[in-house]
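1. fold the following.
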Amino acid sequence: MSKDSEHNDNNNSSNSSRSNTENREDERSIAAKGNSAKDKVEGDTEAQSDSDTTENLEDEDFSEDISEEDKETIKKVANDDNFSQAKSYASILVEQVMDARETFERSLGSLFTSAFTAGLEIGISFFMILSAFALLSGVLPSHYAIVLASLLYPIGFIIVVIGQSLLFTEQTSLLSLPVLNKIEPLHKLLRLWGIVIAGNVVGGCLFAALMIGLGLNMQLFSVSDIDAYAEHILGFRWWVIFGSAILAGWMMGVTAWLVTSARDTLSRIVLVTLITGSIGFLGLHHSIVGNIEIFSALLYGNTVSLARYLLFLAVVLIGNTVGGVVFVAILKNRTFLFELAKVKEETAKDKPNEGNNINSRINTRRPY
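-> Have a look, this model is predicted:
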């Protein structure tokens, strides 16, 4: 083979290599642009889905006691939303009311199954906490081991909230909004609460009976660890537990509000992690997680009696309800009503101005 021929072959090979490299870079560039466009479309779709609730309000979504003027005002305030900015206060509240109405319309079997699922899923938090506590207590003082282990608290809540199962403390404030606005009767709310609580408690007790027993046999933790953690929860006077449960219910109501205000799943996960992580770090009393914690000690431990378990569950359930309804639903709802009154007042002021503008235009056209 001649040198010129060999040189040409080398050049052809080099050019071919460069061409392949450039083609691969072009393909990666096109793929990156495609993924970016796809992410944008998905984000816009999710944002559009969030706005559908407030943009498609119908007259049947309102109570019969609400006047036509109030209906139009609510629609006007709720639709005043911009995807480039945070959701408006009114659109968040209206979206929550509409979501709550959908929950009211679900069948009893669907409600109980969803609540039962949430009771099982929330138990994952306690399973992880107890395993971490048993591991850390061997190298750290018990108090520090409990605090560090409690940082795993959000795991079950993320599964429940993002998976949209019915958790009582998250739904407490949400479900009361249609009743506060006279869209649904009180007796339906009480029945709904009863179904959700029953499903959560039964699911949690089943998780405790099966999974905590499994953890003991896997030697992830011991009976003494279960008793120690239960005493960490129960070692207060009843009024202290009640106050702690009120604060926990308040924070869970805020969680429901902020999750509705977020436009994407990642933001919701971050919000749930921060707030429920704070509940775990502070050692506040949550009725559904607390049910699993104390029922596990009742089944496998040596320090908790049935009466003590039932008293704890009743006190914490009432405390969570007070915190969720009074501090979130009622106050947020009152703020919304004040906002409606302001919009109505501004609308009433604008009407005379519109009339004056029309008269002014007529007068300027009138011949003299």
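2. please point out which parts of stretch 307-320 sit buried.
-> 309, 312, 313, 315, 316, 317, 319, 320 (16 or more other Cβ atoms under 10 Å). For glycine as for every other residue, the C-beta is placed from the backbone atoms N, C-alpha and C.
3. what of stretch 159-173?
-> Neighbour-count burial for stretch 159-173 flags 159, 160, 161, 165, 166, 167, 168, 169, 170, 171, 172, 173 (criterion: 16+ other Cβ under 10 Å).
4. again with stretch 254-267
-> 254, 255, 256, 257, 258, 259, 260, 261, 262, 263.
5. lowest-confidence entry in these?
-> Among the buried residues of stretch 254-267, residue 263 has the lowest pLDDT, at 75.
6. please enumerate the helices of the stretch 101-250 of the chain.
-> 108-136, 142-149, 154-163, 168-180, 186-207, 213-217, 223-234, 238-261 (DSSP state H, counting those that start in this stretch).
7. could I get the ones you listed in a markdown table, plus columns for distance to residue 332?
-> Formatted as a markdown table, the helices of the stretch 101-250 of the chain follow (distance: least, Cβ to Cβ, whole Å):
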| stretch | distance to residue 332 |
| --- | --- |
| helix 108-136 | 23 |
| helix 142-149 | 31 |
| helix 154-163 | 18 |
| helix 168-180 | 8 |
| helix 186-207 | 17 |
| helix 213-217 | 40 |
| helix 223-234 | 29 |
| helix 238-261 | 7 |
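8. what is the helix or strand encompassing residue 323 packed up against?
-> In the assignment (DSSP states H and E), residue 323 maps to helix 306-324. Judged by 3 or more Cβ pairs under 8 Å, 6 or more residues apart in numbering; DSSP states H and E, the packing partners of helix 306-324 are helix 168-180, helix 186-207, helix 223-234, helix 238-261, helix 287-300.
9. what helix or strand is the closest residue to residue 158 other than its chain neighbours on?
-> Excluding the flanking residues, the one nearest residue 158 by Cβ to Cβ, 6 or more residues apart in numbering is residue 272, at 5.3 Å. Secondary structure from DSSP H and E places residue 272 in helix 265-282.
10. packing partners of that helix?
-> Using 3+ Cβ pairs under 8 Å, 6+ apart: helix 265-282 touches helix 154-163, helix 238-261.
11. could you report the neighbour count for the residue nearest to residue 211 when sequence neighbours are not counted?
-> Excluding its sequence neighbours, the residue lying closest to residue 211 (Cβ to Cβ, 6+ apart) is residue 127, at 5.6 Å. Residue 127: 22 surrounding residues under other Cβ atoms under 10 Å.
12. nothing else from me, thank you.
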